[in-house]
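Need a 3D model of the following:
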Amino acid sequence: MKLTARARLWLSNGAIVALIAAATAVMMLCPCDSVGTRDHYALALVTLALLFAMAAAFLIYRRMRRDSGITGFLRAVIAIAVAGLSVYGALFLAMEIVTWLARPR
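Numbers count the residues shown, from 1 in each chain. Have a look, this model is predicted:
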């Protein structure tokens, strides 16, 4: 079955959102206040979240067109920035929701 261009676009967008959500979920599990060389659990979770975020950055990089007039290096920097800010924003929003749900009634 051959996918149409529109279906590939939606599939790519879904993969980017899923990878960003996965990185955010892993960061929510991480006891990041105690990340250090002795806490291998936290380091493994941060590394896994970084891998998810870098995969999302790679997909964002591929989505940027070659004829955009910017260099490959700048496209890579933009893709990493977009993925990083997306994970940070999603993590901030998730933490605010958890805080809101945990407030006393």
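
Counting neighbours, what do you get for residue 23?
26 (other CB atoms under 10 Å). Quick note: C-beta positions are derived from backbone N, CA and C, even for glycine.

any idea how far it is from residue 60?
Between residue 23 and residue 60 the computed distance is 13 Å (CB to CB, to the nearest Å).

And residue 13, by the same measure?
From residue 13 to residue 60 the distance is 10 Å (CB to CB).

which one of those two has more residues nearby?
Taking other CB under 10 Å, residue 13 and residue 60 do not tie; residue 60 has more neighbours (22 against 12).

so the more buried one is in which element?
Residue 60 is located in helix 40-63, with elements delineated by DSSP states H and E.

Tell me the helix or strand right after that helix.
Counting by DSSP H and E, what follows helix 40-63 is helix 72-102.

pLDDT below threshold where in this protein?
Within the chain, the set of residues satisfying pLDDT under 70 comprises 32-38, 66-67.

which residue is nearest the centroid of the chain?
Nearest to the centroid of the C-alpha atoms of the chain, with distances taken as CA atoms, centre = their mean, sits residue 20, at 2.9 Å.

For the helix holding residue 60, buried residues please.
Going by neighbour count (16 or more other CB atoms under 10 Å), the buried part of helix 40-63 is 42, 45-46, 48-49, 52-61.

which other helices and strands contact it?
Judged by 3 or more CB pairs under 8 Å, 6 or more residues apart in numbering; DSSP states H and E, the packing partners of helix 40-63 are helix 5-29, helix 72-102.
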